[in-house]
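A.B. asks: build the 3D model from these lines:
(one chain, ligands or ions: 1)
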Amino acid sequence: MHRRLIAPGALAASLLLAIPASAADFSPGAPGIGDPYYPASGNGGYDVSHYDLRLKYQPVTDLLEGTATINARTTQNLSRFNLDFGLKVSEVRVNGKKAKFAKTGDQELEITPAAGLAKGTPVTVVVRYAGKPSELKIDGYTAWHRTPDGGVAAQEPEGAVWWFPSNDHPLDKATYDVSVSVPDGTQAISNGVLQSQSSRLGWTRFNWRSNKPQASYLTTLAVGKFDITTDKTEGGLPVLNAYSKDLGDNAGAARASLERTTEVAEWLETVFGKYPFNALGGYVPNVKTSYALETQTRPFYSPSAFANGSNASIVVHELAHQWYGDSVSVHHWKDIWVNEGFARYSQWLWSEKEGEGTAQELADYVYAQRSADDPFWTVKPGDPGPDKQFHIAVYDRGALALQALRNEIGDDAFFAVLKGWPQQYKYGNAKVGDFVKYAERISGKPLADLFDTWLYQPSRPDAPAARDAGFARSAAVPAKPKSWKQIADTNDVHDHDHDHKHGHKH
Ligand SMILES: [Zn+2]
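C.D. replies: Just a heads-up that it's a prediction; the model follows:
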């Protein structure tokens, strides 16, 4: 090779083009996708387009057996590559041929195909595996919720490694077919449309399809005994809600909340534009957690969310994420404000619509509740850090930022921004900075200072800035808006309980 380096430049270039790629041109894909908050999340060197998961789950033993078929395309010449996965693997095939594999670290499955994979070519990876998800501990923690009648996978920012191999980061979204076999009398719930179900020899198989790009953490599985309600929207979308038969006193309030899903989605369409996915619904398994999660097309709700009665506001929050978080996903996890600031603000807009307090009144109240020395103001919603990713400030201060924007650019431009953004980045990813630029473009106003003040300064914006933003117009403490308690009741549900990695809990 190196003798060619002394050839004249043009000749060298043509020779390099002519020779086939040698083994030296193939290198391992990165073990992480490059997220500064979560270096092990995702992988480099390929892009997944589709996951086909064929699973069997036995609730009595928690044994999950699976075959994952992954359609991807290489983005570099690969000598090997990683998937993120924690269960025990028995066989890996790449393009039909047996591949070598090894588990490295807590959640990396390192795969070496029989031959290097050229850049830009389609690759099919088949992974056979089995294990008990509840026994998989990463830093002493499991994201799998074992229930008396099954198990549930719904966690942020990572949950997939407990039940299927993936490129586990929102930057690599894909479509999904999830097929799950469970004992007769038990149901398996996942995302999208229930295409079919059939029973044979005591086992029932449920075939789910989510046909729009979906982040791995938004892919969910719940096995248990559920009461299921189905319906269709006026536009013809299937609606499916599932309630554990084991919700006790919370059962009525859970139904009184989730059965308003269609109504809430219809209202959200007036604010954010057309609903982006192929199905609607939600599910409430018999878990002991307290959070909710915007799992795509079918949010997960903990029973305790309904301990104080029905709560439409939490349905508003999780459905708002279908536009802000699911269709348009974070680029890196530091961009969490483009999910949570907007989901929280949508709760304020719902309150405004219901006549229970305007967004301005809620903003005034939040601002007045938090004195200048409250640590709340040290959290920067625009880059909160991994241990503060789901801090209440990302939600409440994040929503204050949007009220400040609304007051700065006026309702016409503000609502044009809210509706246009999910179209602009539909089924993709976006950064906080992309939103700032987008709002500047639509409103024709410079907004960098405003967003710096509300998203990036580790202190309470001072009174003049607040007054400029329309807050705290009077010296008096504002009255508590009627919707305050219902919205505050949803604060717990945003503690995704993932802080195990950082030794910190709220
Ligand atoms: Zn949220």
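A.B. asks: can you tell me if stretch 304-320 touches the ion.
C.D. replies: No - taking CB under 5 Å from the ion as the criterion, stretch 304-320 and the ion are apart, separated by no less than 5.6 Å. For glycine as for every other residue, the C-beta is placed from the backbone atoms N, C-alpha and C.
A.B. asks: wait, I meant stretch 372-385
C.D. replies: No - under the criterion of CB under 5 Å from the ion, stretch 372-385 makes no contact with the ion; the nearest approach is 12.8 Å.
A.B. asks: what's the span of that stretch, first residue to last?
C.D. replies: 21 Å (CA to CA, to the nearest Å).
A.B. asks: give me the residues contacting stretch 223-239.
C.D. replies: Contacts to stretch 223-239, defined as CB atoms under 8 Å, 6 or more residues apart in numbering, come from residues 57, 59, 147, 149-152, 180, 182, 185-189, 193-194, 240-246, 255, 259, 261-262, 265-266, 275, 278-281, 283, 285-286.
A.B. asks: and that stretch, C-alpha only, in PDB?
C.D. replies: C-alpha atoms of stretch 223-239 as PDB (Å, rounded to 0.1, in the frame of the first residue of the first chain):
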ATOM      1  CA  VAL A 223     -48.300  -8.500  30.000                       C
ATOM      2  CA  GLY A 224     -51.100  -9.100  32.400                       C
ATOM      3  CA  LYS A 225     -54.900  -9.500  32.800                       C
ATOM      4  CA  PHE A 226     -56.500  -6.400  31.400                       C
ATOM      5  CA  ASP A 227     -60.000  -5.100  30.700                       C
ATOM      6  CA  ILE A 228     -59.800  -3.600  27.200                       C
ATOM      7  CA  THR A 229     -62.000  -0.900  25.600                       C
ATOM      8  CA  THR A 230     -61.900  -0.300  21.900                       C
ATOM      9  CA  ASP A 231     -63.400   2.500  19.700                       C
ATOM     10  CA  LYS A 232     -62.700   4.500  16.600                       C
ATOM     11  CA  THR A 233     -62.200   8.200  16.300                       C
ATOM     12  CA  GLU A 234     -64.300  10.200  13.800                       C
ATOM     13  CA  GLY A 235     -61.300  10.200  11.600                       C
ATOM     14  CA  GLY A 236     -61.200   6.400  11.700                       C
ATOM     15  CA  LEU A 237     -58.200   5.800  14.000                       C
ATOM     16  CA  PRO A 238     -58.500   2.800  16.300                       C
ATOM     17  CA  VAL A 239     -58.600   3.600  20.000                       C
END
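A.B. asks: in the chain, which residue sits closest to the ion?
C.D. replies: Nearest residue of the chain to the ion (CB to the ion) works out as residue 343 at 4.3 Å.
A.B. asks: ok, now how distant is that residue from residue 462?
C.D. replies: Distance of residue 343 to residue 462, given as CB to CB, to the nearest Å: 28 Å.
A.B. asks: which one's more surrounded, these two?
C.D. replies: Higher neighbour count among residue 343 and residue 462: residue 343, with 25 against 12, using other CB atoms under 10 Å.
A.B. asks: so that one belongs to a strand, correct?
C.D. replies: No - counting by DSSP: H, G, I helix; E, B strand; the rest coil, residue 343 is not found in a strand; it is helix.
A.B. asks: what parts of the stretch 351-500 of the chain come near the ion?
C.D. replies: Counting by CB under 5 Å from the ion, no residue of the stretch 351-500 of the chain sits close to the ion.
A.B. asks: which regions of the stretch 351-500 of the chain lie under the pLDDT threshold?
C.D. replies: Applying pLDDT under 70 to the stretch 351-500 of the chain picks out residues 463-476, 492-500.
A.B. asks: ok, which stretches of it are helices?
C.D. replies: Along the stretch 351-500 of the chain, the stretches classed as helices by DSSP state H, counting those that start in this stretch are 359-369, 392-424, 432-443, 448-451, 463-468, 484-488.
A.B. asks: mind putting these into a markdown table with mean neighbour count?
C.D. replies: Formatted as a markdown table, the helices of the stretch 351-500 of the chain follow (neighbours: other CB atoms under 10 Å):
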| stretch | mean neighbour count |
| --- | --- |
| helix 359-369 | 21 |
| helix 392-424 | 21 |
| helix 432-443 | 19 |
| helix 448-451 | 16 |
| helix 463-468 | 14 |
| helix 484-488 | 18 |
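A.B. asks: turn these into JSON lines, columns for distance to residue 142.
C.D. replies: Formatted as JSON lines, these follow (distance: least, CB to CB, whole Å):
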{"stretch": "helix 359-369", "distance to residue 142": "35"}
{"stretch": "helix 392-424", "distance to residue 142": "25"}
{"stretch": "helix 432-443", "distance to residue 142": "31"}
{"stretch": "helix 448-451", "distance to residue 142": "38"}
{"stretch": "helix 463-468", "distance to residue 142": "43"}
{"stretch": "helix 484-488", "distance to residue 142": "29"}
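A.B. asks: how about residue 120, nearest residue that isn't a chain neighbour?
C.D. replies: Nearest non-adjacent residue to residue 120, counting by CB to CB, 6 or more residues apart in numbering: residue 74, 6.3 Å away.
A.B. asks: and the one you found, what is it in contact with?
C.D. replies: Residues near residue 74 by CB under 8 Å, 6+ apart: 45, 46, 117, 118, 119, 120, 121, 123.
A.B. asks: and the pLDDT at the third one?
C.D. replies: Per-residue confidence at residue 117 stands at 98 (pLDDT).
A.B. asks: could you find the closest non-adjacent residue to it?
C.D. replies: Among residues not flanking residue 117 along the chain, residue 78 sits closest, at 4.3 Å (CB to CB, 6+ apart).
A.B. asks: next, name the residue at the spatial heart of the chain.
C.D. replies: residue 218 (4.5 Å; CA atoms, centre = their mean).
A.B. asks: report pLDDT for that one.
C.D. replies: pLDDT recorded at residue 218 is 98.
A.B. asks: what about the residue nearest to residue 77 when sequence neighbours are not counted, neighbour count?
C.D. replies: Leaving out its chain neighbours, the residue that sits closest to residue 77 by CB to CB, 6+ apart is residue 26, at 4.4 Å. Using other CB under 10 Å, residue 26 has 18 other residues around it.
A.B. asks: what about residue 209, is that helix, strand or coil?
C.D. replies: Per three-state DSSP, residue 209 ends up strand.
A.B. asks: could you tell me how many residues sit around it?
C.D. replies: Neighbours of residue 209 using other CB under 10 Å come to 18.
A.B. asks: the residue nearest to residue 117 against residue 30, yeah?
C.D. replies: No - the criterion here is CB atoms under 8 Å, and residue 78 misses it with residue 30 at 10.6 Å.
A.B. asks: so what sits against both of these two?
C.D. replies: Taking CB under 8 Å, 6+ apart as the contact rule, residue 78 and residue 30 both touch residue 45.
A.B. asks: more neighbours: which of the two?
C.D. replies: Shown here are residue 78 and residue 30; by other CB under 10 Å, residue 78 has more neighbours (24 against 15).
A.B. asks: quick one, what contacts that one?
C.D. replies: Contacts of residue 78 (CB under 8 Å, 6+ apart): 26, 27, 28, 29, 45, 46, 113, 116, 117, 119.
A.B. asks: can you add distance to residue 309 and secondary structure and give those residues back as JSON lines?
C.D. replies: Output for these, formatted as JSON lines (distance: CB to CB, whole Å; DSSP: H, G, I helix; E, B strand; the rest coil):
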{"residue": "26", "distance to residue 309": "60", "secondary structure": "coil"}
{"residue": "27", "distance to residue 309": "57", "secondary structure": "strand"}
{"residue": "28", "distance to residue 309": "54", "secondary structure": "coil"}
{"residue": "29", "distance to residue 309": "50", "secondary structure": "coil"}
{"residue": "45", "distance to residue 309": "50", "secondary structure": "coil"}
{"residue": "46", "distance to residue 309": "48", "secondary structure": "strand"}
{"residue": "113", "distance to residue 309": "55", "secondary structure": "coil"}
{"residue": "116", "distance to residue 309": "60", "secondary structure": "coil"}
{"residue": "117", "distance to residue 309": "55", "secondary structure": "strand"}
{"residue": "119", "distance to residue 309": "56", "secondary structure": "coil"}
